[in-house]
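Trainee: sequence first, then the predicted structure:
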Amino acid sequence: MTTYSPPAREIAFLLKDFLRVHERSEPANYQMVDEDLIEAIAHEAGKFCAQVVAPLNPVADQQGCIRHEDGSVTTPEGFKEAYAAWVEAGWGTLSQPEEYGGQGMPHVLHTVLEEYLNSSCPGFMMYPGIMSGAVATVLSSATQELKDAYLPKMVSGEWLATMALTEGHAGTDLGLMKTSARKQDDGSYSISGEKIFISGGDHDLTENIVHLVLARVPDAPAGSRGISLFLVPKILPETGEKNGVSVGSIEHKMGLHGSATCVLNLDEAKGWLLGEENAGLAAMFIMMNAARLGVGVQGLAHAEHSYQKAAAYALERKQGRGMGERPDPSAAADPLIVHPDIRRLLMDARAFAEGFRALVMWTAMQIDIAHDAQDAGERKKADAIVSFLTPVIKAFGSDRGFETAVNMQQVFGGHGYVTEWGMEQIVRDARIAMIYEGANGVQALDLAGRKTVKNGGAVAAAFFGMISRECDAAGDGLSFIADPLGKAVHHGEAATKALLENAAGNPDDMAGGAYAYMQLVGTLAVGWMWLRLAVLAQDNLEAGEGDARFLQAKLATARFYAEQQLPLCTTLRHRVKAGAGAMMALDAEQFLRS
């Protein structure tokens with residue numbers, strides 16, 4: 001069975017040749033990055049994940065987590081030791097703030113670690129994966145006293161964190177939540193309620209867990225405007241006593257068995273307000289948006305891991321005879337790789353993984369610019385594009401990541417359906433990414449409503465304009481992708497116009513076209529990355545720089561994407577325009593079978 005091999009060469013190519021992060025002087029922390037650092041992160045972080053974390057993946061699936069009678073939880077064998085090694089190596093501090101013990105590196109470098117960990121063992125990644133968002137939330141909302149007490153240990157990895165949002169009756173609609181918080185004489189709050197689906201709600205990896213909990217204070221306004229955010233530790237640092245937080249049960253899930261998904265009971269737990277009362281959702285969105293981008297990286301990781309397994313299998317497994325020129329005419333059967341339909345599946349996986357990785361890392365660099373660029377206009381522009389792309393990266397990335405995992409399972413035939421090849425685990429682990437951190441339909445509505453209609457399509461127009469200008473500037477030798485991408489951009493512009501018109505007429509029509517609009521924007525965004533990669537590959541080939549075989553593969557994959565994926569934009573445009581008429585035609589009762 002093929003083991004995971006971190007794509008270090010791809011990562012180094014994107015960081016050095018594509019993004020050229022080592023040549024940037026701004027944001028200021030980019031000045032710490034040189035080519036040696038890029039190589040070290042690409043290769044050494046990859047080595048750590050492949051050697052220490054990846055072997056845990058089948059163990060995590062087989063063993064899962066255990067809740068004991070006292071409510072404590074233990075993780076699968078090897079998790080505790082691997083996490084201790086992770087903390088000791090300092091990988092988790094890479095992009096964390098220097099003032100609290102982090103290394104202060106650009107976020108784009110941390111994205112590399114996210115992909116590697118998610119491909120190696122997604123159940124393990126669920127524990128440290130939340131920390132960047134948790135630290136950012138506390139940093140932006142807590143009092144100085146709380147920052148000093150909690151951030152050093154959160155940054156070092158000595159303490160982990162959770163997002164405690166969901167309740168049994170309040171999933172996506174957090175405005176329905178009932179967890180209560182009552183202010184005490186010492187300024188703290190007494191918090192009671194039950195939360196569900198809490199990843200890492202308890203475990204044996206760290207001595208303390210910092211729960212970031214949404215709750216309502218007395219007389220809070222109804223709905224989402226009456227939600228406050230609280231920091232609730234598992235262990236009270238000032239006394240060492242256990243807080244009123246316990247695990248009622250662990251969810252029995254389809255996948256991600258290594259992640260302890262808990263029902264969390266809060267029984268007069270002591271917590272501290274982050275930010276202001278009734279402004280908790282805005283504070284939590286810092287963490288939620290980081291998590292949504294992280295889920296997109298999960299989609300990429302599942303695609304990469306499953307592609308690696310399927311490509312190796314297709315080269316080894318002999319089934320059927322090729323219809324064209326055969327590698328060995330005397331052989332009873334040829335390797336699967338000779339068959340065009342197998343190539344179709346593999347090329348689609350490769351085109352998504354490499355193109356989407358470029359998009360994720362480019363967006364991560366925009367996050368760095370939005371946070372730390374000196375020029376206010378540059379920060380504003382980067383923030384707008386990150387906001388626009390966040391629901392796309394989450395939804396399109398997790399959709400296509402799951403689809404790719406299923407397609408790579410198909411390459412194995414019946415062997416992909418049994419456990420020993422590891423493909424069915426990837427499929428099961430990948431499925432949740434389309435659901436959590438805001439279901440993908442909600443992400444599509446966010447893109448269509450808040451990120452497009454609300455500003456009259458201005459950000460979408462700017463986004464499409466960037467792509468269009470680069471299509472026009474591409475040389476004749478790149479017409480194979482520049483021309484179809486340019487046409488696809490026109491479909492994106494027409495779809496945006498239709499979306500705005502539908503919103504003005506009937507909001508249901510806007511909502512009915514939202515998912516297709518998200519898919520269209522995602523397809524265009526990855527196509528844009530392929531145009532840029534193709535320009536870079538051709539320029540390097542003409543200059544005689546780089547590995548010619550590697551660069552030629554980039555051009556071939558860009559051509560595949562242009563021929564097989566960009567034509568989908570035509571259909572997606574028409575779906576956006578169609579609205580919700582046919583979707584809403586039946587009476588509600590007609591959906592039930594009599």
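Mentor: Yep, that arrived. Residues are numbered from 1 along each chain as shown.
Trainee: low-confidence regions, this structure specifically.
Mentor: 1-2 (pLDDT under 70).
Trainee: for the protein, what's the longest strand?
Mentor: The strand of greatest length in the chain, counted in residues with DSSP state E as the criterion, is given as strand 261-274.
Trainee: which of the three states applies to the residue lying farthest from the centre of the chain?
Mentor: Relative to the C-alpha centroid of the chain, counting by C-alpha atoms, centre = their mean, residue 330 is the outermost residue, at 47.2 Å. Reducing the assignment to helix, strand or coil with DSSP: H, G, I helix; E, B strand; the rest coil, the entry for residue 330 is coil.
Trainee: ok, it to residue 320 distance?
Mentor: With distances defined as C-beta to C-beta, to the nearest Å, the gap from residue 330 to residue 320 amounts to 15 Å. C-betas here are computed from N, CA, C, even on glycine.
Trainee: ok, now residue 342?
Mentor: Distance, residue 342 to residue 320, using C-beta to C-beta: 10 Å.
Trainee: give me the more crowded residue out of the two.
Mentor: It is residue 342, of residue 342 and residue 320, that has more neighbours when counted by other C-beta atoms under 10 Å, with 21 against 12.
Trainee: nearest residue to the more buried one other than its sequence neighbours?
Mentor: Of all residues not flanking residue 342 in the chain, residue 336 sits nearest, at 4.8 Å (C-beta to C-beta, 6 or more residues apart in numbering).
Trainee: pretty sure the one you found contacts residue 344?
Mentor: No - at 11.9 Å, residue 336 does not count as touching residue 344 under the criterion of C-beta atoms under 8 Å.
Trainee: which one's more surrounded, these two?
Mentor: Between residue 336 and residue 344, counted using other C-beta under 10 Å, residue 336 has the larger neighbour count: 25 against 13.
Trainee: so what's that one up against?
Mentor: Shown in contact with residue 336 (C-beta atoms under 8 Å, 6 or more residues apart in numbering): 313, 314, 315, 317, 318, 319, 320, 342, 411.
Trainee: pull the number of nearby residues for the closest residue to residue 551 other than its chain neighbours.
Mentor: Spatial nearest neighbour of residue 551, chain neighbours left out: residue 537 (4.2 Å); criterion: C-beta to C-beta, 6+ apart. By the criterion of other C-beta under 10 Å, residue 537 has 25 neighbours.
Trainee: wait, what's in contact with residue 537?
Mentor: Residue 537 touches 551, 552, 554, 555, 558, counting by C-beta under 8 Å, 6+ apart.
Trainee: ok, now how distant is the last one from residue 478?
Mentor: Looking back up the chat, that one is residue 558. On the measure of C-beta to C-beta, residue 558 and residue 478 end up 8 Å apart.
Trainee: and the angle from the host helix or strand of residue 213 to strand 261-274?
Mentor: Of the helices and strands defined by DSSP states H and E, residue 213 is found in strand 208-215. Our comparison of strand 208-215 with strand 261-274, counting by axes from the mean of the first three to the mean of the last three C-alpha atoms, to 10 degrees, yields an angle of 80 degrees.
Trainee: what segments of the stretch 51-200 of the chain are strands?
Mentor: Counting by DSSP state E, counting those that start in this stretch, the stretch 51-200 of the chain has strands at residues 66-67, 73-74, 159-164, 180-183, 189-199.
Trainee: can you tell me which of the ones you listed is packed in deepest?
Mentor: Comparing the strands of the stretch 51-200 of the chain by mean neighbour count (mean count of other C-beta atoms under 10 Å), strand 159-164 comes out on top with a mean of 25.
Trainee: that one pairs with which strands, and in what direction?
Mentor: Note on strand 159-164: by DSSP bridges, its sheet partners are strand 208-215 (parallel).
Trainee: how far does the partner strand sit from the chain's center?
Mentor: Chain-centre distance of strand 208-215: 22 Å, with C-alpha atoms, centre = their mean, to the nearest Å.
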